[in-house]
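1. 3D model of this:
(chains A and B)
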Amino acid sequence: MTQAAIALDNVSKTLARRPILKNVSFAVEPGDIFGYLGPNGAGKTTTIRVILGLFLPSSGRALILGKNADCDEARERLGFLLEADGLYDNMTGYENLDYYAKIYGLPSASRGRRIGEMLELAQLSDRARDRVSAYSKGMRQRLALARSMLHDPDLLILDEPTAGLDPTGQIEMRQTVLDLAQRGKTVFLSSHNLDEVQRICNRIALIDRGEIKLCGETEKLRRDLGRREVIIETGVRTEEQGGVLDGLLADLEGLPHVVSCQREAGKLLIQLDSRGDASDVVSMLSQRGVRVEEVKKGETSLEEIYARVTKGGEG
Amino acid sequence: MRQIMVIAGKDLKETLRTGPFYIYSALAFVFAVVVGIRALGGVVGGRIDALIEEGFSPAQVVAAIEPIMGTILFMFSLVLIWWLCMYGSLYNLTMEKTKRSLESLLCTPLRLRQVCLGKSLAIFLPSVTVGLLLAFAAIAGADQLLLAPQIGRSIMPGGPLVTTTLIAVPVIAFCFVSLLVTLQLMIAKIQWVNGVLAGLVGAVMIALNYGLFRFGLEPWSIVVVSLTVAAVLALVTIFLFRLATKERIVLSSRG
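-> Numbering: from 1, shown residues only, chains lettered A, B, ... in the order given. Have a look, this model is predicted:
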């Protein structure tokens, strides 16, 4: 059995007598791009601080690459990009990286080369001698990411890595994360950007009010938890005929697996749960003499699942 | 030790690149000129006049004034160093906490002890260097411009007193800075830090004055009193450091 890159086992954290994390458990496997989602104040940052060894759990265990999160060995193999980039404005890009390279104990013989590679990766080689105070938000974010990879860590913790970036910057950042995963790195990514998470994360966890509400493979969660929307174009054209459809709505909602049903002129918008099938609806319509012209199926987005879970609806 | 020097080196480099460091140093220079040359020259000059009127020979005046000059050098360098430390700690640590760069640093394999010592050294080194230089320059200026013309010869503190200052002042200053850094790492509100700093300076000055008044102005008493004060500061630092955790530092870094 492979060792989890991150393993949180019933971690609870109380700050100023307020429970911030409540029995949080999840595991991030090596090679995962793990998305960590949740609304503001849900406990994402606290979780990250526990993983980074900044906070000790009030109860439970946090293991990073098999070691306690607060031990030096764990932190040596971990890179991070926090919400505040933590760069030094009065120092140049090169000096910022050099400082962290020394802290991580990179040998002086290879330090310059490694910093050069990272600057190249961050596309900042030509601005390496400029002070960071003159950098744009995107450049700062790229430099902070380069800093996190200086010591070639096995695990990267990225807190909102695309926040404040323009669309091009966001695309580049996502590509960098995918490249890292291809090179066998594990990425733990906290984000508000659900589209981004859906695109690049193979596994996700959703935290709300300090509790993990969902955890698993992104696609499987979408399949299992998603409500599918079905749009049925009927032959109904007049408002008088529309009344017939209105009369059918209650019956359609009574069908198994139908969550909701709405009429928009001659169209029926039907939401089915994960096990629902449009065929029952089509059968009923045919039985009642309504001609079905077209059935369109919609996909469930992570956003929809997120909204439902964080609003306290059924999962 | 290497990591401590890395932190100190980076902080020093940053300090020397900031305008406020030079403003603070310039203010310390003005303070040294005004207080050191004018006020001290005036006070010691008055004492010399009194001794001459009492019929003391120039050699006796020098012998009587030399310990006073040594004590002035000692206290004056401490005051200047504290002034510079105040800038260093407020600028370095407060900025690092406000910009959250300290939080990033704490995520590395560095120990809290290394961070604390590195930051302390970065504040201590420039403060002690500039403070001692200014204090010596001020005493020498007061001597050359005001005192020497009075009795026709220079009255600089003797070798033992200068050596005492060069040893005792850095020891007290380092213990003071370490305590200040430890407190600043844990305290969230800047007003509290200023209050703590003022209280700390006051307490150390009272302790030193009491000690020197009690045991006299001999080099040995200055050393003993200074080391006692430094030991108390060090003990308080060690006690408080045990309460300093990464969690406390991160939580006190909000805003």
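2. Within the helices and strands, which one has A:K102?
-> Counting by DSSP states H and E, the secondary-structure element that holds A:K102 is helix A:93-103.
3. Name the next helix or strand downstream of that helix, please.
-> The C-terminal neighbour of helix A:93-103 among helices and strands, as given by DSSP H and E, is helix A:108-121.
4. Any buried residues in that following helix, and which?
-> Within helix A:108-121, the residues scored as buried using 16 or more other Cβ atoms under 10 Å in any protein chain shown are A:R111, A:R114, A:I115, A:M118, A:L119. Where C-beta positions appear, they are placed from N, C-alpha and C, glycine not excepted.
5. sorry, back to before: just want the angle from the helix holding A:K102 to helix A:108-121.
-> 140 degrees (axes from the mean of the first three to the mean of the last three Cα atoms, to 10 degrees).
6. Just the mean pLDDT for helix A:93-103, thanks.
-> Regarding helix A:93-103, the rounded mean pLDDT is 94.
7. Output that helix in PDB, but only the C-alpha positions, please.
-> Once non-C-alpha atoms are left out, helix A:93-103 reads as follows in PDB (Å, rounded to 0.1, in the frame of the first residue of the first chain):
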ATOM      1  CA  GLY A  93      13.400  38.200  -7.800                       C
ATOM      2  CA  TYR A  94      16.700  36.400  -7.900                       C
ATOM      3  CA  GLU A  95      17.500  37.400  -4.200                       C
ATOM      4  CA  ASN A  96      14.100  36.100  -3.100                       C
ATOM      5  CA  LEU A  97      14.800  32.700  -4.600                       C
ATOM      6  CA  ASP A  98      18.400  32.700  -3.400                       C
ATOM      7  CA  TYR A  99      17.200  33.400   0.200                       C
ATOM      8  CA  TYR A 100      14.800  30.400   0.200                       C
ATOM      9  CA  ALA A 101      17.400  28.200  -1.700                       C
ATOM     10  CA  LYS A 102      19.800  28.900   1.200                       C
ATOM     11  CA  ILE A 103      17.100  28.200   3.800                       C
END
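8. and that helix, how far from the chain's centre?
-> In terms of Cα atoms, centre = their mean, to the nearest Å, the centre of helix A:93-103 is set 29 Å apart from its chain centre.
9. which outside residues touch it?
-> Applying Cβ atoms under 8 Å, 6 or more residues apart in numbering or on different chains, the contact partners of helix A:93-103 are A:87-88, A:91, A:111, A:114-115, A:118-119, A:124, A:127-130, A:132, A:135, A:139, A:143, A:146-147, A:150-151, B:3, B:6-7, B:10, B:13, B:105, B:108-110.
10. Up against chain B, what does chain A have?
-> Residues of chain A found near chain B (Cβ under 8 Å from any Cβ of the partner chain) are A:15, A:49, A:52-56, A:72-73, A:75-76, A:78, A:80, A:82, A:84-91, A:95, A:99-100, A:102-104.
11. Now with 6 Å, please.
-> Residues of chain A lying near chain B by Cβ under 6 Å from any Cβ of the partner chain: A:52, A:54-55, A:72, A:75-76, A:80, A:82, A:84, A:86, A:90, A:99, A:102-103.
12. Show me which positions of the helix holding A:K102 end up buried.
-> Buried, per 16+ other Cβ under 10 Å, within helix A:93-103: A:G93, A:Y94, A:E95, A:N96, A:L97, A:D98, A:Y99, A:Y100, A:A101, A:K102, A:I103.
13. Smallest gap between the stretch 1-150 of chain A and chain B, at which residue?
-> Residue nearest to chain B within the stretch 1-150 of chain A: A:G86 (3.0 Å; Cβ to the nearest Cβ).
14. per-residue confidence for the closest residue to that residue other than its chain neighbours?
-> Leaving out its chain neighbours, the residue that sits closest to A:G86 by Cβ to Cβ, 6 or more residues apart in numbering or on different chains is B:S104, at 3.0 Å. Note on B:S104: pLDDT of 92.
15. contacting residues around whatever helix or strand B:S104 lives in?
-> Secondary structure assigned from DSSP H and E places B:S104 in helix B:101-106. Residues from elsewhere that reach helix B:101-106, judged by Cβ atoms under 6 Å, 6 or more residues apart in numbering or on different chains: A:L54, A:L82, A:G86, B:E96, B:K246, B:V250.
16. now do 8 Å
-> For helix B:101-106, the external contacting residues (Cβ under 8 Å, 6+ apart) are A:54, A:80, A:82, A:84-88, A:103, B:7, B:93, B:96, B:112, B:115, B:246, B:249-250, B:253.
17. filter those residues to the buried ones?
-> Buried members of the contacts of helix B:101-106, scored by 16+ other Cβ under 10 Å, are A:54, A:80, A:82, A:85-88, A:103, B:7, B:93, B:96, B:115, B:246, B:249-250, B:253.
18. Buried residues of stretch B:59-68, list them for me.
-> Residues B:V61, B:V62, B:I65, B:E66, B:P67, B:I68 are the ones in stretch B:59-68 that count as buried (16+ other Cβ under 10 Å).
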